[in-house]
Structure formats: structure tokens, C-alpha cells
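Enquirer: Just to be clear, the model below is a prediction. Sequence and coordinates:
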Amino acid sequence: MNKFLNLILGTTDVPTYLAGLFFALIGLAFYYKGKIAKRDKASGNTPYYFSLSFFTQDNLVELVFSILAIFLTLRFSVEYFGVEVTMFYALGIGWTLPKVIAFMYKIQDKARE
């Protein structure tokens, strides 16, 4: 079982990894708070007052893939970036990674035009 955990989590121990994941999810919450604040309340496609169920339904795929990308970034931080998992690093990953992913998709969409 230890070998399995080492393959899944890399060289980072489980408590550090879980704490990093916790801080990354806090960063992700800050990202989505900013996204919620910028929403168009006057649009006919969204409710005027914030609705958690609408938000979750509308952003479920993005949420799932953001969490998966955070997991992969934390997992491969040492091997790919040469950075040990710290709580500040994890917070930054959670806050900025969805923006980076959205930017990459914009570049990809422009390349297809």
C-alpha cells in the first residue's frame, strides 16, 4: 500500500499533501468568488440573486477539471517544477490555475479560427 501511495502522491507525505490540497481548495474558492462577483446580474441566462445550485450546475465541469488539475500540479510539482509542496504554493496554485487553464483554452480557440 505504501508503494501505491508513493506512486499516487509522489515524494510528498500524505499529511502535507492533504494540507496542500486544503489550501489549494481555499485558493480555488477565492478564484470562484471573483468570478461570481463579475457575473452579469442583468443577463437572462443567470438568476439575479446568487444561487449555489445554479452556480454548481453551470460550473460543474470546470470545477471538476480544476480540482483534477490542482491534484496533478501538486503531485508533479517536485518532478516538473522542482518545487516542494508548501501551503503558500498550494494556495497560489488553487487561485491561479483555473485562470491559466482558461487562458490556454482561449489561445487554443483562436488558433482554430
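Expert: Perfect, thanks for sending it. Numbering: from 1, shown residues only.
Enquirer: Which positions within the helix or strand harbouring residue 66 qualify as buried?
Expert: Using DSSP states H and E, residue 66 sits in helix 52-75. Of the residues in helix 52-75, 55, 66, 67, 69, 70, 73, 74, 75 count as buried by neighbour count, 16 or more other Cβ atoms under 10 Å. For the C-beta atoms, the positions are set from N, CA and C on the backbone; glycine is no exception.
Enquirer: Rounded mean pLDDT for that helix, please.
Expert: In this model, helix 52-75 carries a mean pLDDT of 90.
Enquirer: same for that helix, what does it pack against?
Expert: For helix 52-75, the contact count by 3 or more Cβ pairs under 8 Å, 6 or more residues apart in numbering; DSSP states H and E identifies helix 14-37, helix 87-112 as packing neighbours.
Enquirer: out of those helices, which comes closest to residue 45?
Expert: Counting by Cβ to Cβ, residue 45 lies closest to helix 14-37 out of the helices and strands packed on helix 52-75; the figure is 14.7 Å.
Enquirer: Pull the residues that contact the closest one.
Expert: The contact list for helix 14-37, computed with Cβ atoms under 8 Å, 6 or more residues apart in numbering, reads 5, 9, 12, 50, 55, 59, 63, 66-67, 70-71, 74, 85-96, 98-99.
Enquirer: Let's see that with 10 Å instead.
Expert: With Cβ atoms under 10 Å, 6 or more residues apart in numbering as the contact definition, helix 14-37 has outside contacts at 5, 8-13, 50, 52, 55, 59, 62-63, 66-67, 69-71, 73-75, 77, 84-99, 102.
Enquirer: isn't residue 11 right up against residue 74?
Expert: No - the pair formed by residue 11 and residue 74 falls short of the contact definition of Cβ atoms under 10 Å, at 11.8 Å.
Enquirer: what's the overlap in contacts for those two?
Expert: Common neighbours of residue 11 and residue 74, using Cβ under 10 Å, 6+ apart, are 17, 85.
Enquirer: What sits closest to the residue most central in space within the chain if chain neighbours are left out?
Expert: A centroid search over the chain (Cα atoms, centre = their mean) returns residue 66, at 3.6 Å, as the residue closest to the centre. Computed as Cβ to Cβ, 6 or more residues apart in numbering, the closest residue to residue 66 that is not its neighbour in sequence is residue 98, at 4.7 Å.
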